[in-house]
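Engineer: need a structure here:
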Amino acid sequence: MIKISATLSALFLLSVCHAQTNDRSTGTHYANGVYYAPCSAFQISKPLKELAAEHPAIVGDRFDKEEVDAPRKPHHPNATGLPQGDDPARQTFKGNAPLTAPIHNWTGQRGNGAPLDPTGAAGLTAYVQAVNTSYRAYNKSTGAPLMGSLSLKTLWPGSSNAGDPVVLYDKYADRWFIQQFNFDAARQNPLKILIAISTTNDPTGTYYQYTFTPDPNGGPDYPKFAIWPDGYYMTANWYDPSTVGAVKQQVTVFERAKMLTGNSTAGMVSLPIRGLAIDTTAFFTPIFADADGSLPPYGTPASLFYFEDDNWAGPTAPLVSKDQIHILKMTTDWTTPSNTNIVEDVAGGSPLPTQPFSTAWPASGYEITQKSDTTHLDAIAGIFMFRAQYRKWPTYNTLLLNHAVKVNTAGQSGIRWYELRQDAGSGLWSIYQQSTFAPDGENRWMASLAMDDNGNIGMAYCISGSNTYPSLGYTGRYNNDPLNTMTCPEMVAMTGTGSQSGFDRWGDYGHTSLDPDGQTFWHTGMWESSSAGEESQIFSFQISGSAGIAEHTQTAAFDVIRNGTGNLLVKGTGLSSDASLVVDLFDIEGRQLSGQHIQPVSNSFETNIPVSSLAKGAYLVRIGNMSFQKVVKVVLN
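Structural biologist: Below you'll find the predicted structure:
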């Protein structure tokens with residue numbers, strides 16, 4: 001275990017790279033299928049700005065990516081599934097509610113592999129993007145690079161560039177999370193999971209570097225990650241290297257609390273998902289809820305989502321009879337890992353019947369048409385797209401999901417999106433609203449959604465079709481607008497100028513994150529250039545506009561001040577009403593330490609939170625009601 005004093009840590013981190021390898025034999029298999037293991041290697045990096053100068057990414061060299069992708073085996077179509085015609089939940093028009101043009105908009109990294117797998121997030125001052133297989137931090141205000149593009153394989157010395165990176169900003173700890181996987185010695189299967197956590201809030205600085213070795217009987221592809229109070233949760237398309245085409249369903253969680261402090265004993269817990277209701281030999285990746293806004297209370301099970309489609313069939317007969325969303329819940333026990341389990345959340349209302357949809361394109365699922373080219377692109381049908389944003393509100397919780405659907409018999413693709421709500425008292429989930437966004441004859445897919453502090457939803461995605469080269473667009477809706485509708489117009493952030501020819505994989509990832517300001521949506525996705533080929537873009541926008549929609553938007557100002565009397569002074573001004581508020585204090589693992597109900601007067605309030613008995617460290621103050629919420633991070637030292 002490594003302990004570095006605050007006084008010496010900066011000098012230590014800048015001067016040396018400490019490595020520790022744990023004995024692989026310490027991993028434990030339990031009778032119930034749970035597998036626990038500490039990280040198999042740990043070290044502390046040089047500052048990434050220095051590494052990027054020493055080991056720049058070979059931008060645009062597709063052969064730098066060594067990934068061998070698991071096969072994209074589609075589901076067999078079932079001719080009797082519903083709908084038989086057009087999608088009944090289809091939105092066939094573009095809205096006209098106010099929506100900003102892109103606030104920031106710049107071309108990101110070209111990457112070293114195809115597809116690009118763009119992923120990224122915004123922090124307080126920086127935006128960080130990773131693509132296959134490089135990493136770069138940008139000034140959030142100007143788009144100017146803060147460092148060169150770093151080849152990800154140099155972040156974990158001795159690793160390969162297996163790809164499928166994921167970038168998260170852990171706003172609760174003000175730290176950056178970077179992940180990719182790694183091949184085994186034979187370079188045939190991605191059997192190492194590599195995770196780096198920044199030692200400070202500087203994305204160009206030093207990182208704690210963790211290597212985890214999962215169960216040797218399988219390996220992950222197309223991983224998705226989510227932040228939860230007790231861990232970083234991962235799903236993946238796990239496959240068995242000993243059996244070609246065999247896919248296992250397994251989930252893994254990594255020990256967040258230890259990883260944030262650079263503890264080299266941080267562990268991972270992995271276990272299979274049993275009793276799934278679908279054909280899991282096809283390409284399949286469920287998705288965990290990813291906490292945004294305020295953390296759920298510590299000890300809250302992590303929710304996991306996947307869907308069924310009655311258009312899927314086995315080789316000879318239908319597998320399912322309904323279109324529905326399944327909800328699982330996972331409870332992790334770091335003290336006694338064998339107690340970790342995952343079950344269907346029957347008490348939470350699972351499964352949830354949806355409006356009929358179809359995700360079963362004929363043949364391969366590569367059905368996205370392009371302008372001036374016969375190559376069809378991958379719709380990545382059959383799975384929820386990254387990410388499943390979870391937000392806690394005073395009396396309910398929200399969860400956003402989306403996936404590509406076939407909107408008509410011609411095979412056009414649209415985006416089926418959902419807002420699920422969970423009653424905070426009963427824990428019961430329901431579908432609050434759902435719709436398929438397909439406002440014209442072009443294809444839309446590879447979407448990613450988020451909800452801001454006012455309950456407004458932003459959605460960004462790819463657009464392509466007979467009249468459109470692969471491009472990037474976005475839309476949204478206000479909290480109080482008519483349900484099941486994206487009420488904002490469609491904005492185009494980047495217009496493609498060419499089509500991808502001869503290669504049908506596309507994007508694999510698109511990533512919408514919410515700025516720490518709680519108002520600004522950031523997206524990174526892929527588009528096509530006639531001169532440069534596959535390109536990535538980074539852009540931001542807000543769901544806001546004229547004074548005519550002021551009732552939708554909370555523009556209050558909040559201050560949280562350590563006033564020297566053992567209290568935090570919390571002040572709010574410019575509230576839109578005198579509606580009752582909650583003011584709560586949490587630690588960075590979601591444990592609620594205090595709570596107050598406040599009645600504003602003349603659209604403002606002021607209150608104190610006692611903190612004299614609390615240890616030094618980071619804490620979260622949540623202020624909000626049914627219309628908005630704001631989370632402010634404070635550090636006691």
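Engineer: Bridge partners for residue 331, pull those for me.
Structural biologist: In this structure, residue 331 bridges to residue 341 when assessed by DSSP bridges.
Engineer: Report the contact partners of it.
Structural biologist: Residues in contact with residue 331 (CB atoms under 8 Å, 6 or more residues apart in numbering) are 301-302, 339-342. Where C-beta positions appear, they are placed from N, C-alpha and C, glycine not excepted.
Engineer: now residue 414, nearest residue through space, not along the chain?
Structural biologist: residue 438 (3.0 Å; CB to CB, 6 or more residues apart in numbering).
Engineer: Now the one you found. Its backbone dihedrals?
Structural biologist: When read as degrees, to the nearest 10, the backbone of residue 438 gives phi -150, psi 70.
Engineer: And the pLDDT at it?
Structural biologist: At residue 438, the model reports a pLDDT of 98.
Engineer: ok, back up a step: right, and out of the contacts of residue 331, which lies closest to residue 463?
Structural biologist: residue 302 (33.0 Å; CB to CB).
Engineer: The closest one - how many residues pack around it?
Structural biologist: By other CB atoms under 10 Å, 25 other residues sit near residue 302.
Engineer: if I read this right, it contacts residue 253, doesn't it?
Structural biologist: Yes. Between residue 302 and residue 253 there is a contact under CB atoms under 8 Å: 7.5 Å.
Engineer: which neighbours do these two share?
Structural biologist: By CB under 8 Å, 6+ apart, the residues touching both residue 302 and residue 253 are 228, 230-231, 233, 330, 332.
Engineer: Next, give me the two most distant ones among these.
Structural biologist: 230 and 330 (10.1 Å).
Engineer: shared neighbours of those two, anything?
Structural biologist: With CB under 8 Å, 6+ apart, residue 230 and residue 330 have common neighbours 253, 302.
Engineer: re the thing from before, now which of the shared contacts of residue 302 and residue 253 would you call buried?
Structural biologist: Neighbour-count burial (16 or more other CB atoms under 10 Å) applied to those gives 228, 230-231, 233, 330, 332.
Engineer: Residue 274: which of these is nearest?
Structural biologist: Relative to residue 274, the closest of those is residue 330; by CB to CB it sits at 12.5 Å.
Engineer: distance between the ends of stretch 386-400?
Structural biologist: End-to-end distance of stretch 386-400 (CA to CA, to the nearest Å): 10 Å.
Engineer: roughly how far out does that stretch sit from the chain middle?
Structural biologist: Chain-centre distance of stretch 386-400: 13 Å, with CA atoms, centre = their mean, to the nearest Å.
Engineer: Show me what counts as buried in that stretch.
Structural biologist: For stretch 386-400, the neighbour count (16+ other CB under 10 Å) marks 386-394, 396-400 as buried.
Engineer: before we move on, what about stretch 509-521?
Structural biologist: With burial defined by 16+ other CB under 10 Å, the residues of stretch 509-521 counted as buried are 509-516, 518-521.
Engineer: Reformat the residues you listed as CSV; add distance to residue 197, pLDDT and secondary structure.
Structural biologist: Shown next, in CSV, are the buried residues of stretch 509-521 (distance: CB to CB, whole Å; pLDDT from 0 to 100; DSSP: H, G, I helix; E, B strand; the rest coil):
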residue, distance to residue 197, pLDDT, secondary structure
509, 20, 92, coil
510, 24, 96, coil
511, 18, 98, strand
512, 22, 98, strand
513, 17, 98, strand
514, 20, 97, strand
515, 21, 97, coil
516, 18, 94, coil
518, 23, 93, coil
519, 27, 93, coil
520, 24, 96, strand
521, 25, 98, strand
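Engineer: Low-confidence regions, the protein specifically.
Structural biologist: 1-25, 59-77, 183-190, 216-218, 239-247, 277-282, 313-321, 362-366, 545-555, 563 (pLDDT under 70).
Engineer: As a markdown table, the shared contacts of residue 302 and residue 253 with distance to residue 579 would be great.
Structural biologist: A markdown table is the format used below for these (distance: CB to CB, whole Å):
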| residue | distance to residue 579 |
| --- | --- |
| 228 | 30 |
| 230 | 33 |
| 231 | 35 |
| 233 | 34 |
| 330 | 36 |
| 332 | 37 |
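Engineer: From those, pick the one nearest residue 361.
Structural biologist: Closest to residue 361, out of all of these and judged by CB to CB, is residue 233, at 29.8 Å.
Engineer: sorry, back to before: closest to residue 27 out of the buried residues of stretch 509-521?
Structural biologist: residue 509 (29.4 Å).
Engineer: thinking again about what came up before, now the buried members of the contacts of residue 331.
Structural biologist: Burial by neighbour count, judged by 16+ other CB under 10 Å, picks out 301-302, 340, 342 from the contacts of residue 331.
Engineer: can you tell me which of the residues you listed lies nearest to residue 588?
Structural biologist: Nearest to residue 588 among the buried ones among the contacts of residue 331: residue 302, at 16.6 Å, using CB to CB.
Engineer: which residues touch the closest one?
Structural biologist: Counting by CB under 8 Å, 6+ apart, residue 302 touches 226, 228, 230-231, 233, 253, 288-289, 329-332.
Engineer: and if we set it to 10 Å?
Structural biologist: Shown in contact with residue 302 (CB atoms under 10 Å, 6 or more residues apart in numbering): 226-231, 233, 251, 253, 288-291, 296, 328-332, 342, 390.
Engineer: For it, name its beta-bridge partners.
Structural biologist: residue 330.
Engineer: Distance of it relative to residue 332?
Structural biologist: Residue 302 is 7 Å from residue 332, where distance means CB to CB, to the nearest Å.
Engineer: Also residue 58?
Structural biologist: Distance of residue 58 to residue 332, computed by CB to CB: 39 Å.
Engineer: Residue 327: neighbour count?
Structural biologist: 21.
Engineer: just to revisit the earlier point, as CSV, the contacts of residue 331 with distance to residue 592 would be great.
Structural biologist: Listed next are the contacts of residue 331 as CSV, based on distance: CB to CB, whole Å:
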residue, distance to residue 592
301, 17
302, 18
339, 24
340, 24
341, 25
342, 25
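Engineer: Skipping adjacent residues, who's closest to residue 401 in space?
Structural biologist: That would be residue 418: by CB to CB, 6+ apart, it lies 4.6 Å from residue 401.
Engineer: what comes up buried for whichever helix or strand the one you found is part of?
Structural biologist: Using DSSP states H and E, residue 418 falls within strand 413-423. Burial within strand 413-423, assessed by neighbour count using 16+ other CB under 10 Å, is assigned to 413-422.
Engineer: Chain neighbours aside, what residue packs nearest to the residue of the chain most remote from its centre?
Structural biologist: Relative to the mean C-alpha coordinate of the chain, counting by CA atoms, centre = their mean, the farthest residue is residue 565 (39.8 Å). Excluding the flanking residues, the one nearest residue 565 by CB to CB, 6+ apart is residue 608, at 8.0 Å.
Engineer: what's the burial count for that neighbour?
Structural biologist: Neighbour number of residue 608 under other CB under 10 Å is 14.
Engineer: same deal with residue 100?
Structural biologist: Residue 100: 17 surrounding residues under other CB under 10 Å.
Engineer: Just to check, it is in contact with residue 543?
Structural biologist: Yes. Using CB atoms under 10 Å, residue 100 is in contact with residue 543, at 7.9 Å.
Engineer: Please identify every residue contacting each of these two.
Structural biologist: Common neighbours of residue 100 and residue 543 (criterion: CB under 10 Å, 6+ apart): 474, 476, 488, 520-521.
Engineer: Can you give me the distance of the residue nearest to residue 401 to residue 533?
Structural biologist: Distance of residue 418 to residue 533, computed by CB to CB: 34 Å.
Engineer: Skipping adjacent residues, who's closest to the residue nearest in space to the middle of the chain in space?
Structural biologist: By CA atoms, centre = their mean, the chain has its centre lying nearest to residue 387, at 3.5 Å. Using CB to CB, 6+ apart and skipping residues adjacent in sequence, the residue nearest residue 387 is residue 290, 4.8 Å away.
Engineer: Sweet, I'm off.
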